[in-house]
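Colleague: Sharing a sequence plus its predicted fold:
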Amino acid sequence: MEDQAEKLREIVRQRGSAVGLNSSSAGGSLGTSFIPRVGDSDAGISVFPSSREGGGIVKAGADRRYSSSVRDGKTRIITVTSGKGGVGKTNLSVNLALAYARLGKKVVVMDADLGLANVNVILNVIPKYNLYHVIRKQKTMRDILVETDYGISIVPGASGFSQIANMTDDERQNFINELETLSAADIIIIDTSAGVSSNVMDFIAAADDAVIITTPEPTAITDAYGIIKIIATEYESPNMGLKLVVNRVKSVAEAKKVADRMTNIAGQFLNLKVDYLGFVYDDSAVSHAVLRQRPFMVVDPKCKASLCVQHIVDRMEKSELKPSGGFGAMMKRLFGKN
Ligand SMILES: Nc1ncnc2c1ncn2[C@@H]1O[C@H](COP(=O)(O)OP(=O)(O)OP(=O)(O)O)[C@@H](O)[C@H]1O
Ligand SMILES: [Mg+2]
């Protein structure tokens, strides 16, 4: 466990202090985040070719709901992350979004994975443009926002950019302005790539709630602990609520065992409060829905996994957004901007 955590921390160390992860360096720049390296393939318009007729595409750039001016800063930003890959981040992000939408919330899912974007794949959306184009000032956030059939909007990520380069000051300022377009949403769910890269840590820093996902597999638990340990190391007093979801469990007892272990270790050794948010059953309905490129909450709203997600949203709703939270606070945390 120690080795993995050290390894992850080393990665963060290597990226230097430019990103300003410590809460004390709130004035720091976003530094290295978000940006694909210039010259990497094309602009990364992702997607597996779909055998279905672009069923998820609705109206790119047509969603005026998000085009109003900045709201009162009460947008809740939820970053979904994990140590190990493939544990269920994208499925949880999308289905959480649906559960929130059913509560009447305006929800945006941002695919912050610029290496292997797949929010759009799960929703069978083939976006023309993505975050890369916004960062490079070729498109506005409104241009790339895609409203889906499911009452949620997505900010598509890019595929094929494993490396991240610096943003110029000009690009950064532009990106801040563009992000503000999203402040009309009630909920922004940020689906990250696995592990600790600089942009993942920035998105965790930006969050009101950092939802860490693990499965009961020892490797996933170890890597989830690694992430928690890095957060504890990087932030003197983490501002975001740390929340744990145990995915793919066979029983309530199994989930509880994993959660107890993780929350206890985090409390005991890292002095960090991690809230156990809930679990999702290992459910074949999930993989069936993925194959159909539709969210499981839609394909099978009564399946065990759907009920679990519903329960998780209920729990989230009961946990208060800190007065210091919301969109304005996110901007400040990321960019030192009011
Ligand atoms: N609760 C579940 N029950 C059954 N299968 C699941 C469950 N959650 C996830 N899976 C399976 O795991 C696969 C990977 O899930 P997902 O793409 O959401 O993971 P991820 O963490 O986003 O992966 P990556 O790190 O590559 O982005 C899904 O395609 C599905 O087959
Ligand atoms: Mg994913």
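Modeller: That came through, no problem. Ligands and ions are numbered 1, 2, ... in the order given.
Colleague: List of residues touching the host helix or strand of residue 242?
Modeller: Assigned by DSSP states H and E, residue 242 belongs to strand 241-249. Contacts of strand 241-249 with the rest of the structure, by C-beta atoms under 8 Å, 6 or more residues apart in numbering, involve 87-88, 92, 208-216, 224, 228, 231, 254-255, 258-259, 262-263, 266, 272-282, 312, 316, 319, 322. Heads up, the C-betas are built off the backbone N, CA and C, glycines and all.
Colleague: out of the residues you listed, which are buried?
Modeller: The neighbour-count criterion (16 or more other C-beta atoms under 10 Å) marks 87-88, 92, 208-216, 224, 228, 231, 254-255, 258-259, 262-263, 266, 272, 274-282, 312, 316 among the contacts of strand 241-249 as buried.
Colleague: any residue of the strand holding residue 242 up close to ligand 1?
Modeller: Yes. Among the residues of strand 241-249, 247, 248 lie within reach of ligand 1 under C-beta under 6 Å from any ligand atom.
Colleague: For ligand 2, what's the nearest residue on the stretch 1-150 of the chain?
Modeller: In the stretch 1-150 of the chain, no residue comes nearer to ligand 2 than residue 90, which is 3.3 Å away by C-beta to the ion.
Colleague: Number of residues surrounding that residue?
Modeller: Here the neighbour count serves as a burial measure; for residue 90 (other C-beta atoms under 10 Å) it reads 26.
Colleague: Strands - which of the buried ones among the contacts of strand 241-249 land there?
Modeller: Filtering those for membership in strands, criterion DSSP state E, returns 209-214, 274-281.
Colleague: will you turn those residues into CSV that also has pLDDT and distance to ligand 1?
Modeller: Formatted as CSV, these follow (pLDDT from 0 to 100; distance: C-beta to the nearest ligand atom, whole Å):
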residue, pLDDT, distance to ligand 1
209, 91, 17
210, 91, 15
211, 95, 12
212, 95, 11
213, 97, 7
214, 98, 10
274, 94, 18
275, 94, 20
276, 96, 17
277, 96, 14
278, 97, 12
279, 98, 9
280, 98, 4
281, 98, 6
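Colleague: Settle this for me: residue 90 is touching residue 123, isn't it.
Modeller: No. Counting by C-beta atoms under 8 Å, residue 90 does not reach residue 123; the two are 9.9 Å apart.
Colleague: pLDDT-wise, which helix or strand of this structure ranks last?
Modeller: Sorting the helices and strands of the chain by mean pLDDT, DSSP states H and E puts strand 35-36 at the bottom, at a mean of 25.
Colleague: Name the residues of the stretch 51-200 of the chain found near ligand 2, please.
Modeller: Among all residues of the stretch 51-200 of the chain, those adjacent to ligand 2 (criterion: C-beta under 5 Å from the ion) are 89, 90.
Colleague: Please see if stretch 88-105 touches ligand 1.
Modeller: Yes. Using C-beta under 6 Å from any ligand atom, stretch 88-105 comes into contact with ligand 1 via 88, 89, 90, 91.
Colleague: any chance of the residues you listed in JSON lines, plus distance to residue 173 and pLDDT?
Modeller: What follows is these, written out as JSON lines (distance: C-beta to C-beta, whole Å; pLDDT from 0 to 100):
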{"residue": "88", "distance to residue 173": "35", "pLDDT": "97"}
{"residue": "89", "distance to residue 173": "30", "pLDDT": "96"}
{"residue": "90", "distance to residue 173": "30", "pLDDT": "96"}
{"residue": "91", "distance to residue 173": "35", "pLDDT": "97"}
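Colleague: quick one: which of these is nearest to residue 144?
Modeller: Using C-beta to C-beta, the shortest approach to residue 144 within the residues of stretch 88-105 next to ligand 1 belongs to residue 90, at 18.1 Å.
Colleague: So what does the closest one look like in phi/psi?
Modeller: The phi and psi torsions at residue 90 (degrees, to the nearest 10) take the values phi -70, psi -40.
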